[in-house]
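A.B. asks: Output the structure for:
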Amino acid sequence: MILRALPRAAAWVLAAASLAGAALAGTAGTAAAATGGGCTGPVTKQACVTLIDDGGRGGDILFEARSDRPDAGGDCRMRLVAFDDTTGWQWERELRRCDRPLDYHYNLPNPTAGHRYRAELQILPNGKNFEFAEFVKSPVLTY
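C.D. replies: From the prediction side, this is the model:
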């Protein structure tokens, strides 16, 4: 009787081990590969979007805008705007004077796979509206 139960017990142990392995594999994080992204524009006015990799487990999206235009004048304003082109979501920094160095960052944790992200540096020469505005857009990053 013990000899008959032994193969059955071994089968149960193997089945339990394979189910445990499948459960662990199912809970492991998925690594999303990002394509595209990078920077656009000269150093004096630049917009960037990049993936901050956290060791193969995906990562955060970093949006950046940099500008150094000391001759822009006191009325000029600029800001960083982060976009998710897939959903239409956007995030904006406050307007800052153009004649002072700008180095804005925004970190988006837990981006959504399949979404398209981009950064934009918006420059408003008259500081009030988008008449004569300049838009420096980063390349699109697909997560």
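
A.B. asks: How are the strands of this protein distributed by residue range?
C.D. replies: 35-36, 38-40, 45-53, 59-67, 77-84, 89-92, 96-97, 102-108, 116-124, 134-137, 141-142 (DSSP state E).

A.B. asks: Tell me the buried residues in stretch 68-80?
C.D. replies: For stretch 68-80, the neighbour count (16 or more other Cβ atoms under 10 Å) marks 68-69, 72, 76-80 as buried. C-beta here means a position set from N, CA and C on the backbone, and glycine is covered the same way.

A.B. asks: And stretch 108-115, by the same measure?
C.D. replies: For stretch 108-115, a neighbour-count test (16+ other Cβ under 10 Å) marks 108, 111, 115 as buried.

A.B. asks: measure Gln122 to Asn110 for me?
C.D. replies: Counting by Cβ to Cβ, to the nearest Å, the gap from Gln122 to Asn110 is 26 Å.

A.B. asks: how about the buried residues of stretch 108-115 in a markdown table, adding pLDDT?
C.D. replies: Shown next, in a markdown table, are the buried residues of stretch 108-115 (pLDDT from 0 to 100):
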| residue | pLDDT |
| --- | --- |
| Leu108 | 95 |
| Pro111 | 94 |
| His115 | 97 |
